[in-house]
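S.K.: sequence and predicted structure, then a few things I'm wondering about:
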Amino acid sequence: MWPDNESDIDLLGFDVLVDELVVAITDTGLLPLTVGVLGGWGSGKSSLLKQAFGELAKENTASPYVCVEFSPWRYEDYDDVKTAIMRAVLNACQERASGDEAQVEEIGALRRFVRRLGHRSRAAGRLAVAAAPVVAPAVLAAVDPHAAQATVDLASGLAQTAIPMATEALTDRPDNSGTDPAAEIRDVTEFHERYAAMVDNLAGVDAVIVFVDDLDRCLPETIVDTFEAIRLFLNAPKTAYVIAANRQIIEASIDARYRQLQMEGGRKVGHEYLEKMLQLQVTVPALSPVETAAYVSLLVTALHLTRSDFVTVCESVRQRRAAAPFAAVYNRALAEDVLGGLLNAQLAADLEWANDISPALAEGLAGNPRSIKRFLNDLQWRQKAAARRGVALRSDVLAKLMVLEERDSDALQSVFDWQHQVQGGPSSEVRLAEALARSTGDSTRPQAHGEAEEAQNSARQGRAGASPASDAVPTPPDEAERIRDWVGRPEIRRWLQLPPDLSAVDLRPYFTYFRDHIVVGSLAAALRPDLQALLTRLSSEAPAVARDAITAYAGLSQPDQDDVVLAFLDVVARRPDSTAFGTAAELAGRVPRLVPTVCEFLGRIPHTSVGALRIPGVIRRLPDGSERAVLLAGWVGSRVDAVRSAAVAAARPRPGG
């Protein structure tokens, strides 16, 4: 399996992005510079930073760059982030300056100021809260000189007291450690000037380059503090900062930190703030299908080779990519050309299944490297667990089902329900669905339209189109209509068109390894097809779908309602942290006779499994009465802290209630 760590070897074809980044931060004419490496969760930002760092750092004493790696997320819980990043930079500069007594002494003075600043950070933090109305207009004016004057006027009365208090907190006095008082730094302005001079005087150094990662994992205050440290303390002529982050998260965090600020037209300040902070931006793109195939194949190859051999393979792939940037550079078909004598039988077999599942990964995971790696780890884990029981699962079939699990658990439930009705062999409903999907565009099989007609005719005639060895039951006409509607959804049709063809596959062994995403048991299996469909909708994670299903449920006869609610509560028992937990309460609110059954059932769920954050919503939806009171009392008395806290909060009277 593969660790979820950044890589110093380029598996993603990021060498072009690394070049863009390195060219920018090593151009002395652009310094000082802050570059944003922007991309979604798991897009490969950290690997890009690690590769650029490795190229510039080399042996630290031989490189013309002082390179610093910093993760504010690691300091968030126990340190002041401003002083943490300042210490990291000064430590790296001191290491480079070793042997230059004057430089080491100057860095010592800078570090003592940072230490004193850290001691006062808590008091300064309290004053920052008091001064927020003063600071906010300044931030707004920085990103929009034409910001609303009313906000400035509102703060002006507080400025006379808050600014002197903040200045007092941030003005440092020399300690009594025996150092020359004249050498000590007294305020922020002096620190900034002497820091810039120190960097400029570092022998053999063209620039100090700080790589900031994991910023989008941090709280809003930490994100803003990191930017402020760069802007107020560390922004010197020979410096560059590379910040890897998810743009949406950073902008939302800045908006949350300065939520009282609005720009013209009601726009938030986050976007403009980030645009002002980042002079250049490198956007990390999603992997294309051919890049996904190469990435998956390289991950598989890495499991079989030594690091030195794997580095050689990656260099060969890099050269092929440079010669043909948009062509396939590595997959099973090209493995012999790339690997030569390194290709053995086991590696060839593994590349075969990697090749088979790559289309599903490219379509289902939107070219996200981390999602792909986690998907592969999950796939291997399930295969190894099955092998332990003597069950062989095809990688391509398992991958296709896992894509549906990732995308749409309700659709996965439908496929399971169809397969569950078959005593042995493939499902006629799945066969019909795949034939219909291949008859409606994007098909690589010209005979697919005929297959669809054959499958539909078979369903109507009760033969179901199943193989003679199958014990498949006929597909009722109303179910065939539902399948046609199901296939009509574009995302379902695209999934069905992915390889491999499932129409001849008995999927029962595979569903053993999807137990946490499907409703299993005789209660669901015993329902009529239309009630099974309603159960799937009730269990949906989409609130609108579940609400529509509740309306449909309310119109059923009482016997049908009883059958469905028992099956639905079985779903809740298996997935108590899902939205079904709240839907059960909403169902009882709509059909009051269910309140005793639902309350008694919810009260039996182990508190360690209860989704505590859903408790207030459940209590709000349930009608007042003794059953609701007993349920709430049980949660209030829970030994599970999260459950007890949520229940106590839910028990408080609502305003106006």
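M.R.: Nice, thanks for sending it over.

S.K.: gap between stretch 333-346 and the chain center?
M.R.: Offset of stretch 333-346 from its chain centre (Cα atoms, centre = their mean, to the nearest Å): 34 Å.

S.K.: and the contacts of that stretch?
M.R.: Residues from elsewhere that reach stretch 333-346 (Cβ atoms under 8 Å, 6 or more residues apart in numbering): 297, 301, 304-305, 309, 313, 316-317, 320, 328, 330, 347-348, 351, 355. No exception for glycine: its C-beta is placed from N, CA and C like everyone else's.

S.K.: just the residues you listed: which are in helices?
M.R.: 297, 301, 309, 313, 316-317, 320, 347-348, 351, 355 (DSSP state H).

S.K.: you'd agree residue 273 is up against residue 254?
M.R.: Yes - between residue 273 and residue 254 a contact is recorded at 4.9 Å, counting by Cβ atoms under 8 Å.

S.K.: can you pull the contacts of the closest residue to residue 625 other than its chain neighbours?
M.R.: Among residues not flanking residue 625 along the chain, residue 595 sits closest, at 6.5 Å (Cβ to Cβ, 6 or more residues apart in numbering). Counting by Cβ under 8 Å, 6+ apart, residue 595 touches 588, 622-623, 625, 627-628.

S.K.: in the helix or strand encompassing residue 595, what's buried?
M.R.: Residue 595 belongs to helix 595-604 when assigned by DSSP states H and E. Within helix 595-604, the residues that qualify as buried are 595, 597-599, 601-602, counting by 16 or more other Cβ atoms under 10 Å.

S.K.: and those, which is closest to residue 8?
M.R.: residue 602 (50.2 Å; Cβ to Cβ).

S.K.: could you give the separation between the terminal residues of stretch 552-560?
M.R.: For stretch 552-560, the first-to-last residue distance is 11 Å (Cα to Cα, to the nearest Å).

S.K.: neighbouring contacts of it?
M.R.: Against stretch 552-560 from outside (Cβ under 8 Å, 6+ apart): 531, 534, 537-538, 561, 564-565, 587, 590-591.

S.K.: cool, stretch 319-327 as well?
M.R.: 13, 15, 288, 290, 329-330, 338.

S.K.: just the buried residues out of the residues you listed, in PyMOL syntax.
M.R.: Command for PyMOL, covering only those of the contacts of stretch 319-327 found buried under the criterion 16+ other Cβ under 10 Å:
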select buried, resi 13+290+329+330+338
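
S.K.: out of the contacts of stretch 319-327, which are inside strands?
M.R.: Per DSSP state E, strands hold no members of these.

S.K.: now do the strands in the stretch 101-250 of the chain.
M.R.: 207-212, 239-245 (DSSP state E, counting those that start in this stretch).

S.K.: helix, strand or coil for residue 633?
M.R.: Secondary structure for residue 633, judged by DSSP: H, G, I helix; E, B strand; the rest coil, is helix.

S.K.: before we move on, what SS does residue 43 have?
M.R.: Per three-state DSSP, residue 43 ends up coil.

S.K.: which non-adjacent residue is nearest it?
M.R.: For residue 43, the closest residue by Cβ to Cβ, 6+ apart turns out to be residue 284, at 4.6 Å.

S.K.: surely the one you found is in contact with residue 38?
M.R.: Yes - the pair residue 284 / residue 38 is scored as a contact, 6.9 Å apart, by Cβ under 8 Å.

S.K.: may I see the buried residues of stretch 304-318?
M.R.: Result for stretch 304-318 [16+ other Cβ under 10 Å]: buried residues 304, 310, 312-314, 316-317.

S.K.: what sits up against it?
M.R.: Under Cβ under 8 Å, 6+ apart, the answer for stretch 304-318 is 9-11, 13, 15, 294, 298, 301-302, 329-330, 338-339, 342, 344, 346-347, 350.

S.K.: can we see that at 6 Å?
M.R.: For stretch 304-318, contacts defined as Cβ atoms under 6 Å, 6 or more residues apart in numbering pick out 9, 15, 302, 329-330, 338, 342, 347.

S.K.: and the residues you listed, which is the shakiest by pLDDT?
M.R.: Note: of these, the lowest pLDDT belongs to residue 9, at 82.

S.K.: next one: it relative to residue 46, how far apart?
M.R.: 13 Å (Cβ to Cβ, to the nearest Å).

S.K.: likewise residue 389?
M.R.: 37 Å.
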